[in-house]
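Chemist: Fold the following.
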Amino acid sequence: MARLIFDNLTTEQAKTFANWFEGQGEQSCAVWFDEDGVKSPLVDVTKKYEQCNDDLIVYCYTPGD
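Modeler: Numbering: from 1, shown residues only. Coordinates of the predicted model:
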């Protein structure tokens, strides 16, 4: 398992980014992943995102893995 960290965002920016990825971003990223022959991740909607202090964690999974 890996983590991707976007640093120096405000809490509001991080929440907006998390909400975008959970919606349209998740759907749009498939094109980029497919181009590299990589399965695209989906957001685990049972968890959505979790805030830990100033950090937000978006929980993802890859279907079939």
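
Chemist: ok, which stretches of this protein are strands?
Modeler: Applying DSSP state E to the chain gives strands spanning 42-43, 49-52, 55-58, 60-61.

Chemist: Present those as CSV; the columns should include distance to Gln27, mean pLDDT and mean neighbour count.
Modeler: Where you see a C-beta, it was placed from the backbone N, CA and C, and this is true even at glycine. What follows is the strands of the chain, written out as CSV (distance: least, Cβ to Cβ, whole Å; pLDDT from 0 to 100; neighbours: other Cβ atoms under 10 Å):
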stretch, distance to Gln27, mean pLDDT, mean neighbour count
strand 42-43, 9, 88, 16
strand 49-52, 17, 88, 12
strand 55-58, 15, 90, 16
strand 60-61, 13, 91, 14
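
Chemist: tally of neighbours for Ala18?
Modeler: Using other Cβ atoms under 10 Å, the number of residues around Ala18 comes to 19.

Chemist: what's the neighbour count on Leu9?
Modeler: Other residues close to Leu9 by other Cβ under 10 Å number 15.

Chemist: I'd like to know how far it sits from Phe17.
Modeler: 7 Å (Cβ to Cβ, to the nearest Å).

Chemist: same question, Val45
Modeler: 17 Å.

Chemist: Between the two, tell me which one has more neighbours.
Modeler: The neighbour comparison of Val45 against Phe17 (other Cβ under 10 Å) goes to Phe17, with 16 against 9.

Chemist: returning to that earlier point: closest to Gln24 out of the strands of the chain?
Modeler: In terms of Cβ to Cβ, the element of these nearest to Gln24 is strand 42-43, at 11.4 Å.

Chemist: Quickly run through the sheet partners of the closest one, with directions.
Modeler: When sheet partners are counted by DSSP bridges, strand 42-43 sits next to strand 60-61 (antiparallel).

Chemist: Pull the distance from the strand it pairs with to the chain's centre.
Modeler: Taking the mean of its C-alpha atoms, strand 60-61 sits 8 Å from the chain's own mean (Cα atoms, centre = their mean, to the nearest Å).

Chemist: Check stretch 19-38 too.
Modeler: So, by Cα atoms, centre = their mean, the centroid of stretch 19-38 is 9 Å from its chain's centroid.

Chemist: Buried residues of that stretch, list them for me.
Modeler: Buried residues in stretch 19-38, defined by neighbour count with 16 or more other Cβ atoms under 10 Å: 21-22, 26.
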